[in-house]
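Peer 1: pasting a predicted model and its sequence here:
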Amino acid sequence: MPRLWRGVHTTHNRQAKYGSYSIMDTASSTVLDVQLIQSSEVANSNAMELAGLQQCFRTLEQAQIGVSDVVTDRHTQVRAFLRTYRSLTHPIRHWFDVWHMAKSVYKKLMELGKKKGMEEAAMWGRSIASHLYWVASSTPPGEFRAEQARAKWVSVCNHITGVHTHDSEHFPQCLHGPLEDRIWMIAGSKVHKELEAIVKSKTLVKDIAQISPFDQTAEVEAYHSLVCQFAPKFTHFSYSTMKIRLQLAVIHHNANSGRQQAVNAAGDGRWAVQFPKNQGRLPVARKLKTRQTYGYVHDLMQEVIDLRMEFDSYSRARASWDAVAPRSSKPLIAEEGRPSKENVVASHQHRYSQH
Ligand SMILES: [Zn+2]
């Protein structure tokens, strides 16, 4: 009987040359697999995402690890793949990452706020994005989770006009207490209508039903910055070097993912408040952890000594190295077919048009 894991799929693009894709178990923050895909081998960046996810799933299958829940962004191809995969194997719940959803709403509100007479939309941007995090974390799983989450989400359109009771059995009124005076938006004003169009957009409201109850934003971010330390973004690495650097990042991450929160002299947990740039500088409270461990370095050194004893000539060592560190993600081509020239050309043009 396979164990069930909650996995999260994360992406890490660098100069569009490679994409690295990881599956993290959200309960333990352990990275279970990492895959490196070369952009030259797939049609476009969305296809790269999908290929990464498929390969990670293959690894889990080989290890006989079952998946109960998957958290991803809202890409169409990923959604389609998981729908089919679900029906082929056992049921998998597909959730959407809160961070991706909040970022997308926040960006749209800031864009709207740049327009003349729409400045108020930008002033509410952070609160509305934070509200989405609250919707995700405060709505327990159960029969009416989707309805409750949707009702909570759209209630923010009333809240910003100073109205705190809502026409919904699932969320009849805001849960905050009395609020201090503030400038509310005028209900029905042009800016309110435009803002409402963003918050209540059909696709977004539909997708709220799948908003992830697992918030692993901090762990994923810590992992991504670790990957950047092991493989700096603007340094070129060959495929095999890149892959090994990623694997080192995973080893370091997993060796340290179980670290406890550090405590002060009084025995209270230590916290830090940060304002990460990629979250629109929204404040995020983080637990300060105990010191990092590097015990794995000793194990790696021992491995080097063992390999030196095992392979007594350069050519034998080289042959073994080539077997474990392929120079490209070739199996993808063999299994899924090389992308057509048209697709490759189209994807190049697409990338150039973004600059
Ligand atoms: Zn309210």
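Peer 2: Done, it's in.

Peer 1: can you pull out the strands in this structure?
Peer 2: Under the criterion DSSP state E, the chain contains strands at 3-14, 18-25, 30-38, 65-72, 93-96, 271-274, 284-287.

Peer 1: and those, which one is worst for confidence?
Peer 2: Of all the strands of the chain, mean pLDDT reaches its minimum on strand 3-14 (a mean of 60).

Peer 1: from the stretch 51-200 of the chain, which residue is nearest to the ion?
Peer 2: Closest approach between the stretch 51-200 of the chain and the ion, counting by Cβ to the ion: C174, at 3.0 Å. Heads up, the C-betas are built off the backbone N, CA and C, glycines and all.

Peer 1: report pLDDT for that residue.
Peer 2: C174 is given a pLDDT of 96.

Peer 1: if I read this right, it contacts H159, doesn't it?
Peer 2: Yes - assessed by Cβ atoms under 8 Å, C174 is found in contact with H159 at 5.8 Å.

Peer 1: give me the more crowded residue out of these two.
Peer 2: Neighbour totals were compared for C174 and H159, and H159 leads with 19 against 16 (other Cβ atoms under 10 Å).

Peer 1: return the residues in contact with the more buried one.
Peer 2: Neighbour list for H159: 131, 174 [criterion: Cβ atoms under 8 Å, 6 or more residues apart in numbering].

Peer 1: pLDDT score for it?
Peer 2: Confidence score, pLDDT, at H159: 97.

Peer 1: repeat for F275
Peer 2: 70.

Peer 1: what's the local residue count around it?
Peer 2: F275, neighbours per other Cβ under 10 Å, totals 10.

Peer 1: could you do T84 as well?
Peer 2: Neighbour number of T84 under other Cβ under 10 Å is 9.

Peer 1: which bits of the stretch 151-300 of the chain sit near the ion?
Peer 2: Within the stretch 151-300 of the chain, the residues that sit near the ion (Cβ under 5 Å from the ion) are 159, 164, 174.

Peer 1: try 6 Å
Peer 2: 159, 164, 174, 176 (Cβ under 6 Å from the ion).

Peer 1: before we move on, the earlier item: and K202, which of the strands of the chain is closest to it?
Peer 2: Taking Cβ to Cβ, strand 93-96 is the member of the strands of the chain nearest to K202, at 15.3 Å.

Peer 1: mind giving me the packing neighbours of the closest one?
Peer 2: Identification of packing neighbours for strand 93-96 by 3 or more Cβ pairs under 8 Å, 6 or more residues apart in numbering; DSSP states H and E yields strand 65-72, helix 76-88.

Peer 1: output that strand as CSV, nothing but the C-alphas.
Peer 2: These are the backbone C-alpha positions of strand 93-96, laid out as CSV (Å, rounded to 0.1, in the frame of the first residue of the first chain):
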residue,chain,number,x,y,z
ARG,A,93,-7.2,16.4,-5.0
HIS,A,94,-5.8,19.3,-7.1
TRP,A,95,-5.3,22.6,-5.2
PHE,A,96,-4.2,26.0,-6.4
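
Peer 1: for it, buried residues please.
Peer 2: Buried residues in strand 93-96, defined by neighbour count with 16 or more other Cβ atoms under 10 Å: 93-96.
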